[in-house]
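Undergrad: Coordinates for the following, if possible.
(chains A and B)
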Amino acid sequence: QKEVEQDPGPLSVPEGAIVSLNCTYSNSAFQYFMWYRQYSRKGPELLMYTYSSGNKEDGRFTAQVDKSSKYISLFIRDSQPSDSATYLCAMMNTGNQFYFGTGTSLTVIP
Amino acid sequence: DSGVTQTPKHLITATGQRVTLRCSPRSGDLSVYWYQQSLDQGLQFLIQYYNGEERAKGNILERFSAQQFPDLHSELNLSSLELGDSALYFCASSVDRDSPYEKLFFGSGTQLSVL
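TA: Alright, predicted model coming up:
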């Protein structure tokens, strides 16, 4: 079983839709949770990070963590064509080691 | 721009050859990480250096090696290259001053094509 599981998609939504991206994990030592966005042929860029259960909002993006279920989500409201990218979840354990999901490819259709 | 610089951007070489990928971390960042990204495997952690010393090793092949120099730049050496080594290789850096909430900043990657 992989440490981090993420549905690869692809996901295709119309502009303005709400997008939900999810990851599950198996290691309860993960304490810090991140979402990265990666455009084609570019490096991943940090989008959001959180270290507690609950919701964290930043503009159109909301990161949600449920440690009891070992489940994290990223919600994108009012999705835009510029949101089209691959979204990777990432987690860090207490040893400062990072684990990435395989990424979900998102296309927002104008 | 993340502040992490990787060179070259593209590398085309033949099987059996050896190449060196270079990474300059963000100013002030002490940790450098190397990742391999292929379509079917996602981001695979290879190795991490902290202030010149190897800190953690992931799924790095014996044909691959890395080092971090006193000026904190890092090089990833890939030898006896095989077709399956074709991938995007990313370098990332973080401050890593014992903070539990490190942020990883990625370079733009080196696209390696082994023919």
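Undergrad: Please put the alpha-carbon coordinates of stretch B:93-113 into PDB.
TA: C-alpha atoms of stretch B:93-113 as PDB (Å, rounded to 0.1, in the frame of the first residue of the first chain):
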ATOM      1  CA  SER B  93      15.100  23.300  -1.500                       C
ATOM      2  CA  SER B  94      13.900  24.200   2.000                       C
ATOM      3  CA  VAL B  95      15.300  26.200   4.800                       C
ATOM      4  CA  ASP B  96      15.200  23.200   7.200                       C
ATOM      5  CA  ARG B  97      16.000  24.900  10.500                       C
ATOM      6  CA  ASP B  98      14.300  22.200  12.500                       C
ATOM      7  CA  SER B  99      10.900  23.600  11.700                       C
ATOM      8  CA  PRO B 100       8.200  21.000  11.600                       C
ATOM      9  CA  TYR B 101       6.500  23.000   8.800                       C
ATOM     10  CA  GLU B 102       9.000  23.100   6.000                       C
ATOM     11  CA  LYS B 103       8.100  24.400   2.600                       C
ATOM     12  CA  LEU B 104       9.600  22.800  -0.400                       C
ATOM     13  CA  PHE B 105      10.300  25.000  -3.400                       C
ATOM     14  CA  PHE B 106      10.900  23.300  -6.700                       C
ATOM     15  CA  GLY B 107      13.000  24.200  -9.600                       C
ATOM     16  CA  SER B 108      11.700  24.000 -13.200                       C
ATOM     17  CA  GLY B 109      13.300  20.600 -13.700                       C
ATOM     18  CA  THR B 110      15.700  18.900 -16.200                       C
ATOM     19  CA  GLN B 111      14.000  16.800 -18.900                       C
ATOM     20  CA  LEU B 112      16.300  13.900 -19.500                       C
ATOM     21  CA  SER B 113      15.800  11.900 -22.700                       C
END
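Undergrad: what's next to the least confident helix or strand in chain A by mean pLDDT, contact-wise?
TA: Within chain A, no helix or strand scores below strand A:98-100, which has a mean of 88 by mean pLDDT, DSSP states H and E. Here strand A:98-100 makes contact (CB atoms under 8 Å, 6 or more residues apart in numbering or on different chains) with A:3-4, A:25, A:27, A:30, A:36, A:88-93, B:33, B:35, B:42-43, B:45, B:104. All C-beta spots, glycine's among them, are computed from the backbone N, C-alpha and C.
Undergrad: Of these, keep whichever come out buried.
TA: A:4, A:25, A:30, A:36, A:88-93, B:33, B:35, B:42-43, B:45, B:104 (16 or more other CB atoms under 10 Å in any protein chain shown).
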